[in-house]
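Visitor: coordinates only, sequence not included:
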């Protein structure tokens with residue numbers, strides 16, 4: 001499609017039912033926040049007719065509440081550990097009754113996992129990034145857990161690491177399987193991104209991740225035995241290709257799809273591109289990934305070419321299987337690879353290659369490996385040190401959403417974006433950054449917006465731009481600083497739209513006006529829905545580098561100050577976050593109860609134990625499970641990528657609860673309307689040939705309007 005072609009105007013429409021997983025009611029009960037009794041909550045599904053649906057609550061076989069139109073209930077008479085069921089009625093008629101669920105004894109749920117023993121290099125293990133998928137089709141999610149050794153490394157650091165393990169557990173703590181990625185997959189935040197989703201649409205989730213010689217599946221078999229390529233199948237499972245300082249400098253690189261139910265490797269293919277930027281086969285790592293910037297970044301250093309991102313995207317629309325998105329490089333050379341799974345085999349959909357800082361030509365390889373060049377002279381960067389393509393415009397994270405309204409997902413790279421066919425949408429030229437957020441931040445403006453922080457010389461430290469065209473709406477902050485974190489969320493109920501802020505500029509601004517609206521210093525880690533209203537709260541791990549420990553908390557902007565809603569201290573078994581100073585939860589997602597989100601962290605005193613937290617605050621709002629919003633669900637897939645970012649809804653929640661959006665199918669996202677298409681030049685405020693028709697810029701603390 002590309003920058004110069006037409007796209008549909010955007011408006012809020014329901015997420016298609018074909019993109020909604022089959023889920024049960026997710027009933028959960030736990031002690032009330034104060035007083036005796038239990039707090040009970042459950043899911044409203046995106047497929048429910050909200051106006052016609054009510055709920056009854058059964059405790060220990062006795063009905064204790066009827067005709068509820070919200071999805072939570074304060075049961076003052078319930079004893080700890082009581083059993084609950086929820087009855088669903090449509091127009092008064094019973095349509096389903098949930099299975100009995102035993103209430104939690106504590107205000108959180110501890111689960112004991114099978115912690116790996118000390119590694120060969122002396123590393124000890126803690127639970128790290130997690131993901132979710134329904135592996136057996138029963139409507140309940142399972143947890144995928146990556147075990148991180150204490151000697152894991154950033155790409156810039158030397159040192160041999162111990163193996164990475166990925167486990168799968170049911171929510172009662174039952175372990176289903178363990179995958180050992182072996183000695184040729186280095187441990188660290190940038191090396192292993194594991195994508196969990198139902199890729200073949202059979203109702204059961206799979207997992208896809210990068211593997212190598214020595215990787216073993218959940219049955220204990222080498223993953224190359226699942227290959228159909230004899231060159232892969234005959235590779236040694238015992239040869240190590242790492243150097244004395246821990247870099248992996250040679251050998252084959254693979255991509256493997258695993259059964260979510262058993263952990264068995266279903267199919268293994270060559271990872272593309274390999275470390276020499278070529279197709280398949282073993283590579284000696286002689287390619288210099290730092291060459292365009294005059295740097296020596298070959299396999300002996302293993303930095304730029306060993307930084308990976310991943311996501312899941314519906315590239316063919318909501319009624320077709322989703323693709324895995326696997327990315328290599330972002331400081332300079334950039335490769336984005338779309339891979340499909342048909343239930344038996346992995347195969348390439350396309351590979352998009354961006355290898356020049358000055359040229360606006362990129363190359364896309366189709367499913368058969370045929371190369372096609374694409375020139376995008378209309379996608380010149382607006383400014384900055386990046387490029388007009390994906391080259392040097394990537395983040396330590398990414399996002400996925402249908403930003404142009406054609407029903408297919410696009411890949412949001414940070415300072416650039418790809419269309420669903422691998423062609424370019426735009427490159428802003430602002431270069432690399434550490435944090436990105438995407439959502440309907442400006443309810444008065446059609447479509448999505450992207451907030452991104454930057455660290456490049458000659459570049460503003462942050463910008464907010466149109467997700468479909470790259471038009472810069474605001475930009476500001478100090479030039480050339482390493483602006484390491486940024487946040488965009490709706491924290492202020494007094495103004496419409498979201499607010500955004502960053503480590504370099506801690507005073508939140510309105511996405512609608514660009515003006516400062518909160519004069520405090522909020523955290524820049526995660527946003528979360530926790531209390532009963534429809535604004536975002538903030539989660540921060542509050543990691544202390546001196547002690548190496550976190551003191552997580554949830555805070556809220558109450559209109560005049562920041563208040564603490566929950567401090568996760570010793571009374572909660574001192575839960576810990578992950579990824580050191582990034583201080584991210586193992587997982588944040590709406591996988592239990594009503595539309596508020598759960599947090600998963602690990603126990604500092606017992607790293608074999610994870611702690612699941614869910615809200616016990618009442619809410620008067622009934623919102624469909626966030627997992628039935630497509631943009632949010634894709635966010636859960638990419639959340640474990642590198643520098644983890646929080647998921648965001650694909651619609652403006654206050655508009656939904658105020659009845660401004662459709663509610664017959666509750667989950668709402670931005671999608672194409674039936675309005676006729678228009679060229680970009682016809683759309684007010686859109687970018688044409690790299691020029692801004694309209695924009696608001698923050699320079700030296702002052703707002704400048706370009707008409």
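Guide: Alright, I've got the coordinates. Treat the numbers as computed from the prediction; the structure is a model and nothing was measured.

Visitor: now the strands for the stretch 201-350 of the chain?
Guide: 206-211, 254-259, 265-270, 308-313, 323-328, 334-341, 346-354 (DSSP state E, counting those that start in this stretch).

Visitor: hang on, isn't residue 388 packed against residue 430?
Guide: No - under the criterion of C-beta atoms under 8 Å, residue 388 is not in contact with residue 430, lying 11.7 Å apart. Any C-beta I mention is one placed from the backbone N, CA and C, and that applies to glycine too.

Visitor: mind showing which ranges of the protein have poor pLDDT?
Guide: Per-residue confidence for the chain (pLDDT under 70) gives these ranges: 1-14, 377-385, 662-707.

Visitor: So in it, which helix runs the longest?
Guide: With residue count as the measure and DSSP state H as the assignment, the chain has helix 630-638 as its longest helix.

Visitor: now the following helix or strand past that helix: how far from the chain's centre is it?
Guide: Downstream of helix 630-638, the next assigned helix or strand under DSSP states H and E is helix 653-657. On the basis of C-alpha atoms, centre = their mean, to the nearest Å, helix 653-657 sits 22 Å off its chain's mean C-alpha point.

Visitor: Contacts only, for residue 614.
Guide: Contact partners of residue 614, counting by C-beta atoms under 8 Å, 6 or more residues apart in numbering, are 28, 30, 41, 108-109, 592-593, 596, 598.

Visitor: how far does stretch 244-253 stretch from start to finish?
Guide: The first and final residues of stretch 244-253 sit 20 Å from each other (C-alpha to C-alpha, to the nearest Å).

Visitor: same thing with stretch 442-461?
Guide: For stretch 442-461, the first-to-last residue distance is 21 Å (C-alpha to C-alpha).

Visitor: buried stuff in it?
Guide: 442-443, 445-456, 459-461 (16 or more other C-beta atoms under 10 Å).

Visitor: I'd like to know which of those residues are part of strands.
Guide: Helix and strand membership here follows DSSP state E; of these, those in strands are 449-453.

Visitor: As a markdown table, these with distance to residue 536 would be great.
Guide: Formatted as a markdown table, those follow (distance: C-beta to C-beta, whole Å):
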| residue | distance to residue 536 |
| --- | --- |
| 449 | 15 |
| 450 | 17 |
| 451 | 13 |
| 452 | 18 |
| 453 | 18 |
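
Visitor: all strands of the stretch 601-707 of the chain, in order?
Guide: Under the criterion DSSP E, counting those that start in this stretch, the stretch 601-707 of the chain carries strands at the ranges 606-613, 668-672, 687-688, 691-692, 695-699, 702-706.

Visitor: between the contacts of residue 614, which is closest to residue 84?
Guide: Among the contacts of residue 614, residue 28 lies closest to residue 84 (C-beta to C-beta), at 8.6 Å.

Visitor: check contacts around residue 521.
Guide: Residue 521 makes contacts with 506-507, 562, as judged by C-beta under 8 Å, 6+ apart.

Visitor: Make sure it is indeed in a strand.
Guide: No - according to DSSP: H, G, I helix; E, B strand; the rest coil, residue 521 belongs to no strand; its state is coil.

Visitor: Can you tell me how far it is from residue 185?
Guide: In this structure, residue 521 and residue 185 are 39 Å apart, going by C-beta to C-beta, to the nearest Å.

Visitor: Kindly report the same for residue 195.
Guide: Distance of residue 195 to residue 185, computed by C-beta to C-beta: 15 Å.

Visitor: In terms of neighbours, single out the busier of these two.
Guide: Between residue 195 and residue 185, counted using other C-beta atoms under 10 Å, the more crowded position is residue 195 (27 against 24).

Visitor: can I assume the more buried one is in contact with residue 636?
Guide: No - the pair formed by residue 195 and residue 636 falls short of the contact definition of C-beta under 8 Å, at 10.5 Å.

Visitor: which residues do these two both contact?
Guide: Between them, residue 195 and residue 636 share the contacting residues residue 131, judged by C-beta under 8 Å, 6+ apart.

Visitor: The nearest residue to residue 457 once chain neighbours are set aside: helix or strand, and which one exactly?
Guide: For residue 457, ignoring the flanking residues on the chain, the nearest one in space by C-beta to C-beta, 6 or more residues apart in numbering is residue 480 at 4.5 Å. Residue 480 is located outside every helix and strand, with elements delineated by DSSP H and E.

Visitor: Next, the contact list for residue 480, please.
Guide: With contact set as C-beta under 8 Å, 6+ apart, residue 480 has these partners: 456-459.

Visitor: Residue 200 too?
Guide: With contacts defined as C-beta under 8 Å, 6+ apart, residue 200 is in contact with 206, 321, 341-343.

Visitor: now swap in residue 70 and tell me
Guide: Residue 70 makes contact with 594, 619-622 under the criterion C-beta under 8 Å, 6+ apart.

Visitor: ok, now residue 338?
Guide: Taking C-beta under 8 Å, 6+ apart as the test, what residue 338 contacts is 313, 315, 323-325, 348-351, 422.

Visitor: Mind listing the residues bridging to it?
Guide: When bridges are assigned using DSSP bridges, the partners listed for residue 338 are residue 325, residue 350.

Visitor: what's the spacing between it and residue 366?
Guide: As for residue 338, its distance to residue 366 is 10 Å (criterion: C-beta to C-beta).
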